[in-house]
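Novice: Provided below for reference: sequence and predicted model.
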Amino acid sequence: MKAMVLKSFGGPDSFELRHLPKPVPLAGQVLVRVHATSINPLDYQVRRGDYRDLVQLPTITGHDVSGVIEEIGPGVAAFSAGDEVWYTPAIFGGPGSYAEYHVADAGIVGKKPASLSHLEAASLTLVGGTAWEALFVRAALRVGETVLVHGGAGGVGHVAIQLAKAMGARVLTTVRQENAEFARSLGADMIIDYEQESYVDTIMRETGGRGVDVVFDTIGGNTLSRSPDTLAQLGRVVTIVDIAQPQNLVQAWGKNASYHFVFTRQNRGKLDELSALIERGQLRPHIGAVYALADIPLAHDRLETPHNGIRGKIAIEVNGELTW
């Protein structure tokens, strides 16, 4: 099989396209012919060495799979050869999805929603599971609450807007002006152009000084230290971003706020919940660009470029012709 192998930590040129043996499923595993994967910030963080203590080189990275089961290992009863499936490979638990074939434990694999293409499905597994866990498991978002989504045009952010609306929440989001209509089309109730106005001042004005119940941070920077200024009493802040430098969170004390740090966990249950929303028409991933397996270095370079024009996700076609 062809696979994009990370041979050293560094820039996008650290990848090399190689021919490797096709993996064999063991007991409780399935062998999947990968039709599509996608690019996430986690991917380039792994590539540049942010998690070097957890990654043994050379390796295959990648954290989204949509494809078709080719073979099942002993003891697998939930799937058969020919089933279309989607999942996030075990993070730091073995080879990833930048390859024509992938082996996974059956317990983390779900049936792909029939209404999604493989490109769409592969654009949703990691970001969808992350947003679900952040909003519903950790922040415990409830009907009628107000949530601020930082970065509503991004991979996780554009999914978070849709999930929050499906829950019945009021959604405020920060985006650049050119992404305002995109965020509005996802269901956001209020768009805040963070380059032109203070999101803290805008939120407090629009909520009559009360603030929001939940802040979902997909951006990083100083959003953790500023978020308490936007919170209502007993508000919750949930972030998926590493804290690069110490931040003063003293303002959170006065709001009785809680902070949650999310590194998503893989399981079939979250995929099934996402599937139900997809089939009800309440969730749809947006693909901003598509690249071939051999062009993964170019896709990494683009995602890392500030103001890259991408809305939603960058998808990768692995097996088959580029049809997007």
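Specialist: Nice, thanks for sending it over. Numbering: from 1, shown residues only.
Novice: Is Tyr44 in contact with Glu304, as I believe?
Specialist: Yes - between Tyr44 and Glu304 there is a contact under C-beta atoms under 8 Å: 5.5 Å. Quick note: C-beta positions are derived from backbone N, CA and C, even for glycine.
Novice: Give the residues shared as contacts by those two.
Specialist: Both Tyr44 and Glu304 are contacted by Pro12, under the criterion C-beta atoms under 8 Å, 6 or more residues apart in numbering.
Novice: Okay, and the residue most central in space within the chain sits in which element?
Specialist: Note on the chain: the residue nearest the mean C-alpha position is Val127, at 1.8 Å, using C-alpha atoms, centre = their mean. Assigned by DSSP states H and E, Val127 belongs to helix 125-132.
Novice: For that helix, which helices and strands make contact with it?
Specialist: Counting contacts by 3 or more C-beta pairs under 8 Å, 6 or more residues apart in numbering; DSSP states H and E, helix 125-132 is packed against helix 155-167, helix 268-279.
Novice: any idea how far Thr146 is from the residue lying farthest from the centre of the chain?
Specialist: Residue farthest from the centre of the chain, counting by C-alpha atoms, centre = their mean, is Gly208 at 32.5 Å. Here the distance between Gly208 and Thr146 works out to 11 Å (C-beta to C-beta, to the nearest Å).
Novice: re earlier: mean neighbour count, the helices and strands packed on helix 125-132: which tops it?
Specialist: Most buried of the helices and strands packed on helix 125-132 by mean neighbour count (mean count of other C-beta atoms under 10 Å) is helix 155-167; its value is a mean of 26.
Novice: CA atoms of that helix as PDB?
Specialist: Provided in PDB are the C-alpha atoms of helix 155-167 (Å, rounded to 0.1, in the frame of the first residue of the first chain):
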ATOM      1  CA  GLY A 155     -12.800  22.900  11.500                       C
ATOM      2  CA  VAL A 156     -14.100  22.400  15.100                       C
ATOM      3  CA  GLY A 157     -15.800  25.700  15.300                       C
ATOM      4  CA  HIS A 158     -18.100  25.300  12.300                       C
ATOM      5  CA  VAL A 159     -19.300  21.900  13.800                       C
ATOM      6  CA  ALA A 160     -19.700  23.400  17.300                       C
ATOM      7  CA  ILE A 161     -22.100  26.000  16.000                       C
ATOM      8  CA  GLN A 162     -24.300  23.300  14.400                       C
ATOM      9  CA  LEU A 163     -24.200  21.100  17.500                       C
ATOM     10  CA  ALA A 164     -25.100  23.900  19.800                       C
ATOM     11  CA  LYS A 165     -28.000  25.000  17.700                       C
ATOM     12  CA  ALA A 166     -29.200  21.400  17.500                       C
ATOM     13  CA  MET A 167     -29.200  21.400  21.400                       C
END
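Novice: could you check the angle helix 268-279 makes with it?
Specialist: Between the axes of helix 155-167 and helix 268-279, defined by axes from the mean of the first three to the mean of the last three C-alpha atoms, to 10 degrees, the angle is 70 degrees.
Novice: and helix 155-167, what does it pack onto?
Specialist: Here helix 155-167 touches helix 125-132, strand 146-150, strand 170-175, helix 180-185, helix 268-279, going by 3+ C-beta pairs under 8 Å, 6+ apart.
Novice: give me the low-pLDDT residue ranges for the stretch 1-150 of the chain?
Specialist: Within the stretch 1-150 of the chain, no range satisfies pLDDT under 70.
Novice: hey, where'd the helices end up in it?
Specialist: Applying DSSP state H, counting those that start in this stretch to the stretch 1-150 of the chain gives helices spanning 41-48, 118-122, 125-132.
Novice: Perfect, I'm done here.
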